[in-house]
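[1] Dropping the sequence and predicted coords here.
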Amino acid sequence: MAFLILIPPLLLYLLPTFRKNSKGQDYGGMYCAVLTVNSYVVSAAMVRIFGQEVAELPLVATSTGNHNKGYFELLFSCIEKLLSFLNVQSFVLPAAEEAESIWTDKFGFQKIKPEQLSKYRKSCFQMVTFEGTSMLHKAVPACRIVSQSTESIVS
């Protein structure tokens, strides 16, 4: 129920569409990642994994009063580690103009070149895009596994 506080009333009408496939839309591979503090959701992200080639992050939210506390950075780090473990190569997202510098400066994303965007759209034609946004991407870091017995890092 805490997540509903984060959702604008108009967006509530969109949520049922994620439960089933709509005509021409496949919502397979769509997951919601949440970070909770003391049983309250403080940050959430929708993640769609298209396979090992690419995953997308179409929507993110941090509750009012919890901005600039590092909660989303922690959630993003967990998502990135999961994608790394799953051997996903690239991470894409639609960025609003006012948020683009946050994604590029803080999280290491770059604008997708038109030819790369065309390649993504051929294999992941269902990617979410919003009018007035730029598509950004970054390589998912290689998975690093720490061995408990020797405490060495295996790549």
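    Yes, it's here. Residues are numbered from 1 along each chain as shown.

[2] Partner strands of the host helix or strand of residue 35 and their direction?
    Using DSSP states H and E, residue 35 maps to strand 30-37. Partner strands and pairing direction for strand 30-37 (DSSP bridges) are strand 40-49 (antiparallel).

[3] what does the partner strand contact?
    2-3, 6, 27, 29-36, 55-63, 66, 69, 71-72, 74-76, 79, 83, 86, 88, 128 (CB atoms under 8 Å, 6 or more residues apart in numbering). For glycine as for every other residue, the C-beta is placed from the backbone atoms N, C-alpha and C.

[4] May I see the ChimeraX selection of the buried members of those?
    In ChimeraX, a selection of the buried entries from the contacts of strand 40-49 looks like this (16 or more other CB atoms under 10 Å):
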select :6,33,35,55,56,57,58,59,60,61,62,63,66,71,72,75,76,79,83,88,128
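
[5] At which residues are the helices of the chain located?
    2-6, 71-85, 100-107, 114-123 (DSSP state H).

[6] Stretch 118-136: how far from the chain's middle?
    13 Å (CA atoms, centre = their mean, to the nearest Å).

[7] What residues of that stretch count as buried?
    Neighbour-count burial for stretch 118-136, counted by 16+ other CB under 10 Å, picks out 120, 124, 127-128, 133-136.

[8] Just the ones of the residues you listed in strands?
    Members of these lying in strands (criterion: DSSP state E): 133-136.

[9] quick one: which of these is nearest residue 144?
    Among these, residue 136 lies closest to residue 144 (CB to CB), at 23.7 Å.

[10] need the contact list for that closest one.
    Residue 136 neighbours (CB under 8 Å, 6+ apart): 92-95, 100, 103-104, 109-112.

[11] In terms of position in space, what residue lies nearest the middle of this structure?
    Nearest residue to the geometric centre of the chain (CA atoms, centre = their mean): residue 57, 2.6 Å.
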